[in-house]
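Novice: got a predicted structure plus its sequence, pasted below:
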Amino acid sequence: MHEGTRILLAVPFDWGNKGDVAVCNSMIGALSRVFGNADYMILALGRSVRPVPACKFKTIEYVEPSGTFRFLLTALKITVWAILYRLWGVSSFWVSGREHGLLTAYEKADLILLPARDIISTTYGVSSLISDALFGMMIAVFAGKKTMVYAAQIGPFASGVAGRCAAFLSRQVLDRVDLITVRGRISARWLRELGVRRPRVYVTADPAYLLPGISRMEATALLSKQSHSTCDKPLVGINVSSLIWRFGFAQAGVSDDGGARRERYIEGMVLASEFLVHELGARVVLLPHVFGASHDDVALCEEIRGRVECGESVGVIREEREPEELKGIIGLFDMFVAARHHPLIHSVSQGVPTIAIDYTFKMREVMEELGCEEWVIDMANFDAKDLIHRLRLLWSIRKEARQRLLQRVDLLKQRALANAMLARELTLRTEAGALALER
């Protein structure tokens, strides 16, 4: 055990995004199993501290500098400190303002972990790639800290000039960290295409496979409290995303004339809900996974429900819930449609037959690992008739699909735990190649 190891999770978490919270809680749970009584420092975006698994932790408010000039000035100041710290051990006492707490965390950390999720790509723009992912890595590298990219998705990168520049910069930074784990084989291929050669790279799995859900009894009570019946009809969940139609269709080059992309997505969810109610006799629950943030899902759920003809058979999870609660609710479903990555992980890890709607490759990466890639719909070619057709097929083989998922998910849980084991080995400076993982 490594009592008192100080670990910094150096990619900012948005507490309104329950995927972020699921990753944070799952990481700390796994790391606690292998490090023992470690101290954790967590970067957080704006909102108040929320509970994580029992451990010593401190959240550090992360405020991204507004404007290009201010960001460059901040980056220069922090880079100068990191170099001075590495060369002569200069403390961050001379750095004032919000940066002081951030640099103090870097200074104290014995190990810096970068749970980059899906932000090492140009999907959300080059500026997001630099400020949310690469900047934190650069600080850690310049300061000479042991640094690990933890269960990241790598790619995709756009093909234009900006995309090529972003890919070049990503390679330069990634090649200087100590260890990289990625959450699927597609990400590993992107690393090879980028030309990253120096650090050890392992294919593991998303930390959220290890997230514990609330019990079935608790989940049933939670649904009943919100007037969602769970006893007399099949129960089907639809996770909606206020983000997916923007980035999915944008990457496919589909014009957004008068909100056509958004309308196409909403219409598909409405038609799917009506099919589930009328043809399968199901009760539908619309499940958000991002609350109160810039891409809040609740309002979209309400809009979809308001347009369904049989709206009384469609419910919405309106109140903000923690990922453990949402996972427990998802475990009640007889079938599920996932438009966000971590609700997909919550469903497949419990054997719930699932259709995944993908706008980059993150959903396909999960389903390929499970041998279920036929249940992935590419958002670029999204069509309501195709979704309904796949729902009908999946419903007809739902028992077999559940068994297939349950047979394969244990391996992914082992690989999710391997992230923490590799982090421990990095602190010991031993060869992690002894672990039985696919490179």
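Specialist: Arrived safely.
Novice: got the domain boundaries for the chain?
Specialist: Domains of the chain are assigned by automatic domain parsing as 6-203, 216-408.
Novice: the nearest residue to Gly281 once chain neighbours are set aside: helix or strand, and which one exactly?
Specialist: Among residues not flanking Gly281 along the chain, Lys233 sits closest, at 5.9 Å (Cβ to Cβ, 6 or more residues apart in numbering). The way it works is simple: take the backbone N, C-alpha and C, and place the C-beta from them, glycine included. Using DSSP states H and E, Lys233 maps to neither a helix nor a strand.
Novice: distance of Lys233 from Met27?
Specialist: For Lys233, the distance to Met27 (Cβ to Cβ, to the nearest Å) stands at 37 Å.
Novice: those two: which is more packed in?
Specialist: Between Lys233 and Met27, Met27 has the larger neighbour count (other Cβ atoms under 10 Å), namely 28 against 15.
Novice: per-residue pLDDT of that one, please?
Specialist: Residue-level confidence at Met27 comes out at 95, pLDDT.
Novice: quick one, strands of the stretch 51-200 of the chain?
Specialist: Under the criterion DSSP state E, counting those that start in this stretch, the stretch 51-200 of the chain contains strands at 56-61, 111-114, 147-152, 179-182, 200-203.
Novice: can you count the residues close to Gly155?
Specialist: Residues lying near Gly155 (other Cβ under 10 Å) number 24.
Novice: continuing past whichever strand or helix holds Ser347, what's the next helix or strand?
Specialist: Element membership of Ser347, judged by DSSP H and E, is helix 341-348. Counting by DSSP H and E, the next helix or strand C-terminal to helix 341-348 is strand 354-358.
Novice: next structured bit after that following strand?
Specialist: Following strand 354-358 toward the C-terminus (DSSP H and E): helix 362-369.
Novice: list the buried ones in that next one?
Specialist: Neighbour counts over helix 362-369 (16 or more other Cβ atoms under 10 Å) mark Lys362, Met363, Arg364, Glu365, Val366, Met367, Glu369 as buried.
Novice: what's it packed up against?
Specialist: When contacts are defined as 3 or more Cβ pairs under 8 Å, 6 or more residues apart in numbering; DSSP states H and E, helix 362-369 packs onto helix 185-194, helix 341-348, strand 354-358, strand 376-378.
Novice: tell me the angle that helix makes with strand 354-358.
Specialist: Orientation check (axes from the mean of the first three to the mean of the last three Cα atoms, to 10 degrees): helix 362-369 against strand 354-358 gives 140 degrees.
Novice: can you give the distance of helix 362-369 from its chain's centre?
Specialist: 13 Å (Cα atoms, centre = their mean, to the nearest Å).
Novice: just the C-alpha atoms of that helix, please, in CSV.
Specialist: Presented in CSV, the C-alpha positions along helix 362-369 are these (Å, rounded to 0.1, in the frame of the first residue of the first chain):
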residue,chain,number,x,y,z
LYS,A,362,-17.1,6.2,-28.9
MET,A,363,-20.3,4.1,-28.9
ARG,A,364,-19.0,1.8,-31.6
GLU,A,365,-15.8,1.3,-29.7
VAL,A,366,-17.8,0.1,-26.7
MET,A,367,-20.0,-2.2,-28.7
GLU,A,368,-17.2,-3.7,-30.8
GLU,A,369,-15.5,-4.7,-27.5
